[in-house]
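Enquirer: give the three-dimensional model of this entry:
(chains A and B)
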Amino acid sequence: MKTILRTLIVRLFSMLVTLFIVTALLYATVMFTPAENRATLYMPRNVSPRMTEEQLERMLDRIIEQHHLNDPYPVQYYYWISSLLHGTWGYSPTLQEDILSAIIRRAPITAELTLYSILAFIPLGLLSGVIAGSRRNKAADHGFRFTAYVATSLPPFILALILMAFFYVELYWFAPGRTSSSFGSFINSDNFRQVTGLLTLDGLINGRPDITIDALRHLAMPVFTLAIVHWATLGRVTRATMIDELNQDYVIAARARGIPEGRITWRHTLRNVLAPAFTSSLLSATSLLTGVFIVEILYNFHGVSDIAVRSMADTPDAPAALGFAIYSVVVVLILMAVLDLIQASLDPRLRERA
Amino acid sequence: MSPVRRFFSRWQNLLGLFLVTIFVVVAITAPWLSPQDPENPGPIKQVGRAIDFEPRSPQEVPPLGTLSSQISVYHAVVWGARSAVVFGLIVAIFTALIGTLVGAVSAYFGGFVNSLLMRITDAFLSFPIIAGVVLISQLITTTLHEAGLRFFKNVSSQQIFSNATSSFYLEEELPPFLQMLMNLDPVLIAFILFSWMPYARIMNTVVRRTRNADYVEAARALGAGHNRLIFRHLIPNSITPMIVLAAKDVGGMVLLQATFTFIGMGGNSPWGMVLVRGRDWIITQGGIFTYWWVFIPATLALILFGIGWNLLGDGLNDALNPRTQ
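Expert: Residues are numbered from 1 along each chain as shown, chains lettered A, B, ... in the order given. Model prediction:
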């Protein structure tokens, strides 16, 4: 337990260092735009549309003065970071609200999608990798490798089109969007308590299992689309490690002692396979987040990706873009830390180094 | 077995090479396969009246039919191959170059330089590419906006810039910096900036392992300088994993570009544009195959492109890395 605590602290520290580097680089990129543009980051939310050009200009000048936007880079970076820590993420003109509250409101929707995908792809990826690896060159192995190949070469939007054509249009099992329209207004009303923000859980908490089932129906296709690529990657890594492990001396020794093959696979080698498998999941944390955003857009989930989509519309919206970037990095770092902790608890050798 | 023999001994590698060759040949011969419309060059070509809404089948308009507004599918798929090959190669080559340089330099000098550069690499690794695309295009838009330029998105999600006061395209009157910004593809820039990290990491490990090898020691003893050691000895000896990764990246980046085009976030992938325009005709009353030509050719092109480069990468890996056998 003590070692895990130490891992946690070391992780947290290196997370802060990464965060510092990312924000420093981000602000360096932002510095390429003129000071007047950066001033829009601090524009108050209620700028009267009747303000004259001159008044606006004077206001911009005041903001530039106030936030030291003409100062050297380290000074500006310091002021920017401190305003971020105070919750001033800027007012987004396209979303018509503060970017931080916009993100917080949408985050549970994205979290729900990510959570179910992780819960789906990690066990299934490990399972199929172990099976394929232990039955190398048999039918199961060939089947897995072919499916994994197609899965990694198939762009998510084509998969989404295919899934919608069959499961939505033909069979009507699943549907795009987050909820059915009949539940939409009820969920947003005061009668529905949003405890976790996750619809599947909130439905149960409110004693409405029909809402949970409806939410699951809407989650099925996006979760599948998101999970399949990561399933394929994880499965491949697991398969390769499994093949390596089954050639190790301790396996031969176990076979010689007459231990059944199934027990060797599932008891002896599985533990050694887990560590590299989690490393691969760890490295795909970033692509998992990009994937979530793309899947949200494809299936009309108005999660955090909404901010990205709307800020890509006609007006320049630097606060939204920056807020989105910072949010994404923070989430990836948290995700990596969690997976890292799981990995450390599985492999005692990693606890020491961290 | 020599690497070449080993490469040609597996049918998967041959298939990958075959697919990639086809795409490259189509990319080179595109002007002959499907001549451009001289008045309106580009991957989108009209072969009928634009007001004709319904897509026409391959029987009516050979060889592959049209999309709605009578845009030739064949033309877009052929010129899409050129765009895909060019885009994929540019991204792969630039990311490989940046990554190799960062990885090699940091590993070679070691110590403080190494830990600083590798921390920066880690920081980039935690940056999702979609946030990069949003950020870069917003920064470009903001800068152009400040210069009095407004931009509109047209149907095929290409950006058209125009002056705020008139709707004319005032290319000559712009200062060179703004003109450069206008012609930049934010997706291309973001892809290059946010995907060099795996190269740097691999390069770093490989170079750190070979730095102390005997032949490098020998070269150093002979008086070779930093530049010579890095460029003549370390990079050539660790190039194999780079090539494998780059080959796979060509396919992956083009698929990602098409995805961004499809969700309307820029990236002018012609294959993606065909699917954007075709999506409304996929789910129709007569089943999804009534208008099969609006999505099957572009989809197949994308998937085969991805599979081809992936197979090629795997094949190169097997051939050049005897250890994985």
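Enquirer: CA only for contacts and neighbour counts going forward, please
Expert: Will do.
Enquirer: could you give the number of residues near the nearest residue to residue B:51 once chain neighbours are set aside?
Expert: Closest residue to residue B:51 apart from its sequence neighbours, by C-alpha to C-alpha, 6 or more residues apart in numbering or on different chains: residue B:69 at 5.8 Å. Counted with other C-alpha atoms under 10 Å in any protein chain shown, residues neighbouring residue B:69 total 18.
Enquirer: residue B:69 and chain A, how far apart?
Expert: 22 Å (C-alpha to the nearest C-alpha, to the nearest Å).
Enquirer: was I right to think that residue contacts residue B:55?
Expert: Yes. At 7.3 Å, residue B:69 counts as touching residue B:55 under the criterion of C-alpha atoms under 8 Å.
Enquirer: tally of neighbours for the residue in the stretch 1-150 of chain A that chain B sits nearest to?
Expert: As assessed by C-alpha to the nearest C-alpha, chain B sits closest to residue A:18 within the stretch 1-150 of chain A, at 5.1 Å. Counted with other C-alpha under 10 Å, residues neighbouring residue A:18 total 23.
Enquirer: tell me the phi and psi of it?
Expert: Main-chain torsions, residue A:18, degrees, to the nearest 10: phi -60, psi -40.
Enquirer: wait, isn't it in contact with residue B:123?
Expert: Yes. Residue A:18 is within contact range of residue B:123, at 5.1 Å (criterion: C-alpha under 8 Å).
Enquirer: which residues of the stretch 51-200 of chain B score low on pLDDT?
Expert: B:59, B:61-62, B:146-174, B:179 (pLDDT under 70).
Enquirer: recalculate using a threshold of 80.
Expert: B:51-71, B:139-184 (pLDDT under 80).
Enquirer: just the helices in it please.
Expert: Using DSSP state H, counting those that start in this stretch, the helices of the stretch 51-200 of chain B run over B:73-109, B:111-125, B:129-146, B:176-183, B:186-193, B:197-210.
Enquirer: not counting sequence-adjacent ones, nearest residue to the residue nearest the centre of chain B?
Expert: Taking C-alpha atoms, centre = their mean, the centroid of chain B lies closest to residue B:88, which sits 2.8 Å from it. Closest residue to residue B:88 apart from its sequence neighbours, by C-alpha to C-alpha, 6+ apart: residue B:250 at 4.3 Å.
Enquirer: and the stretch of helix or strand the one you found belongs to, what does it pack onto?
Expert: Using DSSP states H and E, residue B:250 falls within helix B:240-262. For helix B:240-262, the packing partners by 3 or more C-alpha pairs under 8 Å, 6 or more residues apart in numbering or on different chains; DSSP states H and E come out as helix A:156-163, helix B:73-109, helix B:197-210, helix B:270-278, helix B:296-320.
Enquirer: now the shortest one against helix B:296-320, angle please.
Expert: Translated: helix A:156-163. When axes from the mean of the first three to the mean of the last three C-alpha atoms, to 10 degrees is applied, the directions of helix A:156-163 and helix B:296-320 differ by 130 degrees.
Enquirer: go on, the longest one?
Expert: Angle, helix B:73-109 to helix B:296-320, by the same axes, to 10 degrees: 30 degrees.
Enquirer: by how many degrees do helix B:73-109 and helix B:111-125 diverge?
Expert: Angle of helix B:73-109 versus helix B:111-125, following the same axes, to 10 degrees, is 150 degrees.
Enquirer: centre of the chain versus helix B:73-109, how much separation?
Expert: 6 Å (C-alpha atoms, centre = their mean, to the nearest Å).
Enquirer: quick one, it and helix B:197-210 angle?
Expert: Using the same axes, to 10 degrees: helix B:73-109 against helix B:197-210 is 40 degrees.
Enquirer: checking the nearest residue to residue A:109 once chain neighbours are set aside next. Helix, strand or coil?
Expert: Distances taken as C-alpha to C-alpha, 6+ apart place residue A:303 nearest to residue A:109, at 5.2 Å, with adjacent residues excluded. What DSSP: H, G, I helix; E, B strand; the rest coil gives for residue A:303 is coil.
Enquirer: which stretches of the stretch 51-200 of chain A form helices?
Expert: Counting by DSSP H, counting those that start in this stretch, the helices of the stretch 51-200 of chain A are A:53-66, A:73-85, A:99-134, A:139-153, A:156-163, A:181-188, A:199-205.
Enquirer: what's the least confident stretch among those?
Expert: Between the helices of the stretch 51-200 of chain A, the one with the least mean pLDDT is helix A:181-188; it has a mean of 71.
Enquirer: please name the nearest non-neighbouring residue to the most centrally placed residue in chain A.
Expert: Nearest to the geometric centre of chain A sits residue A:289, at 3.1 Å (C-alpha atoms, centre = their mean). Spatial nearest neighbour of residue A:289, chain neighbours left out: residue B:128 (6.6 Å); criterion: C-alpha to C-alpha, 6+ apart.
Enquirer: so how far is residue A:331 from that neighbour?
Expert: 10 Å (C-alpha to C-alpha, to the nearest Å).
Enquirer: quick check: the residue nearest to residue B:88 vs residue B:242, distance?
Expert: 12 Å.
Enquirer: which one of those two is surrounded by more residues?
Expert: residue B:250 (26 against 21).
Enquirer: and the more buried one, what does it touch?
Expert: Contact analysis of residue B:250 by C-alpha atoms under 8 Å, 6 or more residues apart in numbering or on different chains lists B:85, B:88-89, B:91-92, B:309.
Enquirer: can we see that at 7 Å?
Expert: B:88-89, B:92, B:309 (C-alpha atoms under 7 Å, 6 or more residues apart in numbering or on different chains).
Enquirer: please apply the same query to residue A:217.
Expert: Taking C-alpha under 7 Å, 6+ apart, one finds A:174-175 in contact with residue A:217.
Enquirer: okay, buried residues for stretch B:34-44 please.
Expert: Residues of stretch B:34-44 classed as buried by neighbour count (16 or more other C-alpha atoms under 10 Å in any protein chain shown): B:34, B:36, B:43-44.
Enquirer: secondary structure element for the residue nearest to the centre of chain A, which one?
Expert: Assessed by DSSP H and E, residue A:289 sits inside helix A:285-298.
Enquirer: just the C-alphas of the helix or strand that that helix is followed by, formatted as PDB.
Expert: Following helix A:285-298 in sequence order, the next helix or strand is helix A:305-311 (DSSP H and E). Below are the C-alpha coordinates for helix A:305-311, written out as PDB (Å, rounded to 0.1, in the frame of the first residue of the first chain):
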ATOM      1  CA  SER A 305     -16.800  17.600 -28.700                       C
ATOM      2  CA  ASP A 306     -19.600  20.100 -29.200                       C
ATOM      3  CA  ILE A 307     -17.200  22.800 -28.200                       C
ATOM      4  CA  ALA A 308     -14.800  21.800 -30.800                       C
ATOM      5  CA  VAL A 309     -17.400  21.600 -33.500                       C
ATOM      6  CA  ARG A 310     -19.100  24.900 -32.700                       C
ATOM      7  CA  SER A 311     -15.800  26.700 -32.400                       C
END
